[in-house]
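coordinates only, no sequence provided:
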């Protein structure tokens, strides 16, 4: 029987993630197998103890932070249970335990000749269950979409202690009324632990690309970058697998590690093309060169081809969020912190969104606030991160966030694109989501979690307030 750990030093290690929030669990449990997990969940439900499932504690929204009750550490539930290869050998499915580290999983599958496309930046520290619970995505989502496209089935213990199993419907034509009735996985994926605890997850796999070519290129202005981006998104021959953007402040964090040092105040796009082995890098470059010459600073362009090249560019990109997290932690000493926005708008509205944000910062006398824009520009989804340096700046920026999020919605987008709602954005969800839809979502949670004990605070606010 698994013990409930209450040692204060161990509890302290479960009180923070990358959000700047702080949890306060009363106990920790680390199930070693399914029976262990089931016993823990049933014990908690019987004693009316709240349960917050935990993966890699890499969240930027506080989702894995238990405000009270049990922090359920699922990271010992790891490994591949089964691999089922399709008859044509071009695809497969794998049944996985939810606590499996995502990067370890991807690497293991690749050694077997299989490719799992979802690639969140936190792959080295997050778990498969965590990415499914937030519908995570990454640079490759430009081509492959978010996690939900790659999940075929989920096994779960819901908030009533009942075992649930949902399989993706494989037919194209189905009309069962509400869309989630046709594919209930669309209801479960992204639920952030509020409906139950994942016990096994079946994912879809494909064969890995034969070759890749990466291009890092720079621009003298945001307008030049956006013109290139619009044209790049229309490329049908040798299309990009990812289109990642970086503004000048973001590049200033990593210029010492660049292959080619860019001009001061320049911006950058990193694009990657997956292709077959019979297509040479020269052929890829000859196709993309006219577009690069029309908009980019071609003389500062770098090409990536080898496995080591791609490890280098991956590590280069990782420096940016890592340094921002460090700066955010330092800022807490003076009453500030890091604010990570997660908005996304249609690509043709990206310039309008940038202009709007700059204007409200100017109006609030916050334009000199340290902030960077980087990430998934090709999806209309840059990570716009801020560092406040004192309580006054933090208060003023926090007041602006609802305006920023509302504008993203007004432009046909969202204020939550890939990191989930968690606890940090739950207040905004209540303000910005249609009231009837918000109420419908809370009612769904109550059906699966009648006592309001699962992941309190995530998405809907404090469960005690909701269901008592």
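Sure, I can see it. Quantities reported herein were computed from a predicted structural model and do not represent experimental measurements.

so which bits of stretch 410-418 are buried?
For stretch 410-418, the neighbour count (16 or more other Cβ atoms under 10 Å) marks 411, 413-418 as buried. (C-beta placed from N, C-alpha, C; glycine too.)

in a markdown table: these, plus distance to residue 160.
A markdown table is the format used below for these (distance: Cβ to Cβ, whole Å):
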| residue | distance to residue 160 |
| --- | --- |
| 411 | 40 |
| 413 | 36 |
| 414 | 31 |
| 415 | 31 |
| 416 | 27 |
| 417 | 31 |
| 418 | 30 |
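
show me where pLDDT drops low in the stretch 1-150 of the chain?
Along the stretch 1-150 of the chain, segments meeting pLDDT under 70 span 1-2.

give me the neighbour count for the closest residue to residue 194 other than its chain neighbours.
Using Cβ to Cβ, 6 or more residues apart in numbering and skipping the chain neighbours, the partner closest in space to residue 194 is residue 455 (4.7 Å). Here the count is done by other Cβ atoms under 10 Å, and residue 455 has 33 residues near it.

okay, residue 455: pLDDT?
You'll see residue 455 listed with a pLDDT of 97.

just confirm it contacts residue 197, I think it does.
No. Counting by Cβ atoms under 8 Å, no contact exists between residue 455 and residue 197, whose distance comes to 9.2 Å.

quickly list what's touching both of these two.
51, 53 (Cβ atoms under 8 Å, 6 or more residues apart in numbering).

so residue 152 sits in a strand?
Yes. Secondary structure of residue 152 (DSSP: H, G, I helix; E, B strand; the rest coil): part of a strand.

what's the local residue count around residue 249?
Residue neighbour count, defined by other Cβ under 10 Å, stands at 16 for residue 249.

and the gap between it and residue 364?
Relative to residue 364, residue 249 is positioned 18 Å away (criterion: Cβ to Cβ, to the nearest Å).

picking that back up, and which of the buried residues of stretch 410-418 is nearest to residue 270?
For the buried residues of stretch 410-418, the minimum distance to residue 270 (Cβ to Cβ) is 17.8 Å, reached by residue 418.

ok, the closest residue to the closest one other than its chain neighbours - how many residues close by?
Leaving out its chain neighbours, the residue that sits closest to residue 418 by Cβ to Cβ, 6+ apart is residue 137, at 4.5 Å. Applying other Cβ under 10 Å, we find 26 residues neighbouring residue 137.

repeat that for residue 77.
Other residues near residue 77 come to 25 when the count uses other Cβ under 10 Å.

what's near enough to touch the closest residue to it other than its chain neighbours?
Spatially, and ignoring its direct neighbours in sequence, residue 77 is nearest to residue 99 (3.8 Å; Cβ to Cβ, 6+ apart). Taking Cβ under 8 Å, 6+ apart as the criterion, residue 99 is in contact with 55, 74-78, 127-129.

for the residue nearest to residue 194, what are its contacts?
For residue 455, the residues meeting the contact criterion (Cβ under 8 Å, 6+ apart) are 51-53, 63, 192-194, 463.

mind redoing it with 6 Å?
The contact partners of residue 455, taken as Cβ atoms under 6 Å, 6 or more residues apart in numbering, are 52, 192-194.

just those now: which is nearest residue 308?
residue 192 (36.7 Å).

next, that closest one: phi, psi?
Here the main-chain torsion angles of residue 192 (degrees, to the nearest 10) amount to phi 60, psi 40.

now the one 4 residues further on
Here the main-chain torsion angles of residue 196 (degrees, to the nearest 10) amount to phi 160, psi -170.

please apply the same query to residue 436.
Backbone phi and psi, for residue 436 under degrees, to the nearest 10, turn out to be phi -70, psi -40.

what pLDDT is listed against it?
At residue 436, the model reports a pLDDT of 95.

same for the longest helix seen in the chain, what does it pack against?
Scanning the chain for the helix with the most residues, using DSSP state H, yields helix 307-331. Using 3 or more Cβ pairs under 6 Å, 6 or more residues apart in numbering; DSSP states H and E, the elements in contact with helix 307-331 are strand 337-340, strand 381-388.

direction included, what does the shortest one pair up with?
Strands flanking strand 337-340 in the sheet, each with its direction: strand 381-388 (antiparallel) (DSSP bridges).
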